[in-house]
Structure formats: C-alpha cells, structure tokens
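Undergrad: structure for this input, please:
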Amino acid sequence: MGKGLRPSLPTVSGLDYEHFVFAGALAMAVLFSGMFQSVSILWNREFGFLKEVLVAPMLSGGVFPIQRVPGWKSTLIHLNPITYGVDLMRAALAQPTVFSVMVDACVVAGFAAATFALALALFRRE
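TA: Residues are numbered from 1 along each chain as shown. Presented below is the predicted three-dimensional model:
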C-alpha cells in the first residue's frame with residue numbers, strides 16, 4: 001500500500017512513507033467503522049435514542065449558561081444529574097464552574113450508586 005509515492009517522499013526519523021500510510025489507513029478504518037455503526041444504531045432505533053442524546057445536553061448547561069434560564073427550566077436543570085457531571089468536567093479543565101467540586105462529585109456518585117442499586121434490584125427479580 002502506498003508504493004507509488006514512496007520514491008518521491010523522504011524518510012522521517014527512520015520511518016518511510018509506508019509506515020505513516022498504514023497507521024493512517026488503520027485509524028481511518030476504525031474511525032469510520034465506529035461512525036457507521038453509530039449511525040446504524042441510531043437509525044434502527046428510529047430516532048428515539050437520538051432525541052434523548054440531543055435533549056440531555058440542552059438540560060445540563062453544556063450548551064448554554066444555566067444562570068440565565070427561566071425558573072422552570074432552572075429547576076429541571078438542577079434535577080438533571082448530567083448538569084453536575086458537565087460542571088465536574090469544567091472543573092477538571094480549569095474552567096469556571098457553577099457548583100463546587102464536592103457538590104458535583106457527591107451528586108454524580110450518588111446518582112451512580114442509586115442507579116446501580118436500582119439495576120441490581122431489577123436484576124435480582126429476573
């Protein structure tokens with residue numbers, strides 16, 4: 001693969017053109033396989049999953065600042081555990097946050113524990 005351009009390109013750090021082409025082709029194959037698999041999952045679910053994926057960031061403050069939303073939407077945002085996960089990621093990236101890191105971590109860990117306990121209870125029933 002890539003033998004046609006080999007004579008016209010120099011080696012870089014002891015590696016020739018074929019090494020770069022193979023790595024790039026492999027990365028592209030993995031990337032596009034994942035993308036097409038994602039599209040097929042979304043298409044098979046007839047846009048139900050896509051709707052949830054698009055709505056969740058809107059109600060988490062990931063798209064717009066949550067300090068400027070109306071009261072009813074602010075309540076929904078504060079009840080959404082993804083809000084605290086987004087805020088925790090902002091803290092990890094040294095960006096300004098809305099809540100303290102401790103509040104974010106406690107809400108995310110509490111939600112994870114609650115959903116795990118629910119899943120465990122439902123699994124035991126079956």
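
Undergrad: next, the buried residues of whichever helix or strand A121 is part of.
TA: Element membership of A121, judged by DSSP states H and E, is helix 101-125. Residues D104, A105, V107, V108 are the ones in helix 101-125 that count as buried (16 or more other C-beta atoms under 10 Å). For the C-beta atoms, the positions are set from N, CA and C on the backbone; glycine is no exception.

Undergrad: look at the spatially closest residue to the third one that is not a sequence neighbour and report its pLDDT.
TA: It stands for V107. Leaving aside its chain neighbours, V107 sits nearest to Y84 (4.1 Å; criterion: C-beta to C-beta, 6 or more residues apart in numbering). Y84 is assigned 92 on the pLDDT scale.

Undergrad: show me what the helix holding A121 packs onto, helices and strands only.
TA: Using 3 or more C-beta pairs under 8 Å, 6 or more residues apart in numbering; DSSP states H and E, the elements in contact with helix 101-125 are helix 81-92.

Undergrad: can you name the next helix or strand after the helix-or-strand element of the chain with minimal mean pLDDT?
TA: In the chain, no helix or strand scores lower on mean pLDDT, DSSP states H and E than helix 48-58, which sits at a mean of 63. Using DSSP H and E, the next helix or strand after helix 48-58 towards the C-terminus is helix 71-79.

Undergrad: ok and that following helix relative to helix 81-92, angle-wise?
TA: Here helix 71-79 runs at an angle of 70 degrees relative to helix 81-92 (axes from the mean of the first three to the mean of the last three C-alpha atoms, to 10 degrees).

Undergrad: need the residues that contact helix 71-79.
TA: L59, S60, G61, I66, V69, T83 (C-beta atoms under 8 Å, 6 or more residues apart in numbering).

Undergrad: can we see that at 10 Å?
TA: Outside helix 71-79, the residues within contact range by C-beta atoms under 10 Å, 6 or more residues apart in numbering are 58-61, 64, 66-69, 83-84, 98-99, 107.

Undergrad: excluding its backbone neighbours, what's nearest F99?
TA: D87 (5.3 Å).

Undergrad: so what's the residue count around that neighbour?
TA: 26 (other C-beta atoms under 10 Å).
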